[in-house]
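>>> Quick one, what's the 3D model for this:
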Amino acid sequence: MQQEIIISGFGGQGTLFAGQLLAYAAMDSGHQVTWIPSYGPEMRGGKARCTVIVSDVEIGSPLVRRPSAAIVLNIPSMEAFETVVKPGGVLVVNSSLIPQKSERTDIKVLYIPASDMATELGNVRLGNVICLAALVEATGIVSLEAIKQALSDHLPERHRKLLGLNYEAMDKGAALVNGR
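Numbers count the residues shown, from 1 in each chain. Okay, here's the model as predicted:
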């Protein structure tokens, strides 16, 4: 098994953090992992993305050209990465910020109103973990529990007060995938 994922959005949306969290969860679950961030010089509002590869065998190259899944958090990311997801793959769309629908019929597209849900939870910055939970629920790349454990194990002390809220956001994101 090898899955290649792109997570993309604006700086400040937590794209790099979501990718790191997925990488930690996969690594802690015994998989081979690469995580490569890419971002513009802006602190917030610029382009930010990362690639994550999760594999059961050694990874030959960290480059991702045809991902098996993508999380897109804004319109430019949808425009850039919708077309490159492999047939049979998964595209998680932050439908709060991306009004257009995918025209692809060969992939599974999940429209998650992540920014709206995060705002309802009291912190708009939770949209990334809502989408990440939907992705892991849809792909089975790692379990939701592995993501939660990675968050607990790797979250900096200064953010630990947000742990419960992150768990709640993850549960809501995962629930949308199977209609729970």
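
>>> where in this structure is pLDDT low?
Scanning the chain for pLDDT under 70 picks out 40-45, 179-180.

>>> who touches the residue nearest the centre of it in this structure?
Closest residue to the average C-alpha location of the chain: L132 at 3.7 Å, with C-alpha atoms, centre = their mean. Applying C-beta atoms under 8 Å, 6 or more residues apart in numbering to L132 gives the contacts I7, A18, L21, L22, I71, I147, M170, G173. All C-beta spots, glycine's among them, are computed from the backbone N, C-alpha and C.

>>> could you redo the last one with a cut-off of 10 Å?
By C-beta atoms under 10 Å, 6 or more residues apart in numbering, L132 lies in contact with 5, 7, 14-15, 17-19, 21-22, 25, 71, 92, 114, 144, 147, 151, 169-170, 173-174.

>>> and what of L163?
Applying C-beta under 10 Å, 6+ apart to L163 gives the contacts K148, L151, S152, L155.

>>> For V90, see how far away it is.
According to C-beta to C-beta, to the nearest Å, L163 and V90 sit 27 Å apart.

>>> need the helices for this structure, in chain order.
15-28, 75-81, 114-121, 127-139, 144-154, 163-177 (DSSP state H).

>>> can you tell me which residues contact Y39?
F10, G11, T15, L16, G46, K47, A48, R49, C50.

>>> Kindly reformat those residues as JSON lines containing neighbour count.
Below are these laid out as JSON lines (neighbours: other C-beta atoms under 10 Å):
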{"residue": "F10", "neighbour count": "21"}
{"residue": "G11", "neighbour count": "18"}
{"residue": "T15", "neighbour count": "29"}
{"residue": "L16", "neighbour count": "20"}
{"residue": "G46", "neighbour count": "12"}
{"residue": "K47", "neighbour count": "18"}
{"residue": "A48", "neighbour count": "26"}
{"residue": "R49", "neighbour count": "24"}
{"residue": "C50", "neighbour count": "23"}
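
>>> possible to save those as CSV with distance to L63?
Below are the contacts of Y39 laid out as CSV (distance: C-beta to C-beta, whole Å):
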residue, distance to L63
F10, 23
G11, 22
T15, 18
L16, 18
G46, 22
K47, 18
A48, 18
R49, 13
C50, 13
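
>>> Show me which positions of stretch 109-119 end up buried.
Buried positions in stretch 109-119, judged by neighbour count with 16 or more other C-beta atoms under 10 Å: V109, L110, Y111, I112, P113, A114, S115, D116, M117, A118.

>>> Pull that stretch out as CSV, backbone CA atoms only.
What follows is stretch 109-119, C-alpha atoms only, in CSV (Å, rounded to 0.1, in the frame of the first residue of the first chain):
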residue,chain,number,x,y,z
VAL,A,109,-15.5,14.0,-4.0
LEU,A,110,-16.4,14.9,-0.4
TYR,A,111,-17.8,18.4,0.0
ILE,A,112,-17.2,19.4,3.7
PRO,A,113,-18.3,22.8,4.9
ALA,A,114,-15.2,22.8,7.1
SER,A,115,-14.8,26.6,7.7
ASP,A,116,-18.5,26.9,8.6
MET,A,117,-18.3,23.9,10.9
ALA,A,118,-15.1,25.3,12.5
THR,A,119,-16.7,28.6,13.1
